[in-house]
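Participant: Please work out how this folds:
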Amino acid sequence: MLIQSDERQPIARLLSFLEYGERLAHETATAQAVFVQDAGPRRFLLAQSRQESMHAWVFRGAIAWLCPRHLGGNPFLPALEQYCLLVRDALARKDFAETLLAEQIILEGLGEAILSRIDAGLTKRNAPFGRLRRVLLHQEEAHHAFGCRQLERLVAEGRVSRDRLRARAPEYLGLTEAMVTTLSDVFASIREDAGAWASDVPRFMPDWLTVPM
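Facilitator: You can find the predicted model right below:
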C-alpha cells in the first residue's frame, strides 16, 4: 500500500504542524538552556535544541516531497500560533517550570502522539526512512521524559507547586483541544482512525495534570 495522491496534502498538513512545533521546541530549548543553572539539564537542553532543529529540517524535506505548496507560511492551526505566544511569554518571564509544562510536557506529548500515529500509517503505506522516523520518535520520547523528571524535581525541591502548574495548564490544554479537533479531521481524511489518535493524547500527559482539581 503506497501513499495515494489524495493523501499527500493531508499528510503534508500534519507534517507542517510538526515542523512548526519543532521550530518552537528549538526556540524554547535554546532559551531554557540560557537561564537554567544546573550543568546536566543545560547540556540536555542544548542537545534537544540541536535535535529539534534537525527534526524541523527532516519534516520540511518530507513536506517538499509530498506537497511543496505547504512549505513556509503560517501553520494551518491558529490555536498553535496562540500557543506559541503563551510559551514565548513564559520564556520572557524566565518561568522554567511553566515552559517545561507547556513545551516538554504538553506540546511534546501532543507531537509524540501525532508522530506515533503518522509513523504507523506511513509504515502501513511502505513509506521510506523507517529507521529515521524511529530515531525522531525516540528523541521526542526522551524530551518528554526529561520534562516530566525536571518538573518532579522542581516540585520535590519546593521551587514550584503542582497546584500552580495545574492552574496554568487549562489555558494550554484548551488550545491543544482545538488542535486535536482539527488534526482529527485530517487523520480521518486519510482513512486513519481519528478516534484512536485523539484517545492517544491523554496518555502522554501526567495523571496529576489531567485529574480535575
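
Participant: Show the low-confidence segments of this structure, by residue range.
Facilitator: 1-3, 69-76, 121-130, 197, 210-213 (pLDDT under 70).

Participant: Quick one: the helices in it, in order.
Facilitator: Under the criterion DSSP state H, helices of the chain are mapped to 8-35, 39-66, 78-92, 96-99, 108-124, 130-156, 162-189, 194-200, 207-210.

Participant: pull the CA atoms of the fourth one into PDB?
Facilitator: What follows is helix 96-99, C-alpha atoms only, in PDB (Å, rounded to 0.1, in the frame of the first residue of the first chain):
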ATOM      1  CA  PHE A  96      11.300  27.500  33.700                       C
ATOM      2  CA  ALA A  97       8.500  25.300  35.300                       C
ATOM      3  CA  GLU A  98       5.800  26.800  33.100                       C
ATOM      4  CA  THR A  99       8.000  26.400  29.900                       C
END
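
Participant: ok, residues contacting it?
Facilitator: Residues outside helix 96-99 that contact it (CB atoms under 8 Å, 6 or more residues apart in numbering) are 28, 31-32, 35-36, 87, 90-91, 151, 154, 159-160, 164-165, 168. For glycine as for every other residue, the C-beta is placed from the backbone atoms N, C-alpha and C.

Participant: Determine which two of those are furthest apart.
Facilitator: Ala31 and Arg164 (20.5 Å; CB to CB).

Participant: Comparing these two, which shows the higher neighbour count?
Facilitator: The residue with more neighbours, out of Ala31 and Arg164, is Ala31; 21 against 14, by other CB atoms under 10 Å.
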